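A.B. asks: sequence? don't have it. structure:
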């Protein structure tokens with residue numbers, strides 16, 4: 001989850017958005033954005049995708065490495 005949190009924070013900063021601005025653009029609450037960036041392990045995937053769509057990304061199925 002740390003990689004995801006770092007990715008999101010880096011992308012947000014690279015486009016010059018505050019956490020508040022990102023929350024407003026994605027239609028989610030500020031607390032949700034903060035939880036995402038802090039690596040909270042239990043989050044609603046539909047809301048995660050609402051945020052990621054702003055960066056042309058979405059959560060999907062990934063094969064586990066053996």
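C.D. replies: Thanks, I have it. Because the structure is a prediction, the values reported are computed rather than measured.

A.B. asks: ok, how many other residues are close to residue 32?
C.D. replies: Counted by other Cβ atoms under 10 Å, the residues lying close to residue 32 total 20. In short, each C-beta sits where N, CA and C put it, glycine included.

A.B. asks: and it, helix, strand or coil?
C.D. replies: helix (DSSP: H, G, I helix; E, B strand; the rest coil).

A.B. asks: distance of it relative to residue 64?
C.D. replies: Using Cβ to Cβ, to the nearest Å, we find residue 32 at a distance of 27 Å from residue 64.

A.B. asks: next one: residue 10
C.D. replies: 25 Å.

A.B. asks: more neighbours: these two, which one.
C.D. replies: residue 10 (9 against 4).

A.B. asks: buried sites along the strand or helix carrying the more buried one?
C.D. replies: With secondary structure defined by DSSP states H and E, residue 10 is part of helix 2-14. Across helix 2-14, burial judged by 16 or more other Cβ atoms under 10 Å covers 8-9, 11-12.

A.B. asks: now those in JSON lines, with distance to residue 57 and pLDDT?
C.D. replies: Shown next, in JSON lines, are the buried residues of helix 2-14 (distance: Cβ to Cβ, whole Å; pLDDT from 0 to 100):
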{"residue": "8", "distance to residue 57": "9", "pLDDT": "94"}
{"residue": "9", "distance to residue 57": "14", "pLDDT": "95"}
{"residue": "11", "distance to residue 57": "8", "pLDDT": "95"}
{"residue": "12", "distance to residue 57": "12", "pLDDT": "95"}
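
A.B. asks: just checking, what packs against the helix or strand of the chain with the lowest mean pLDDT?
C.D. replies: None of the helices or strands of the chain scores lower by mean pLDDT, DSSP states H and E than helix 2-14, at a mean of 92. Contact here means 3 or more Cβ pairs under 8 Å, 6 or more residues apart in numbering; DSSP states H and E; on that basis helix 2-14 packs against helix 30-37.
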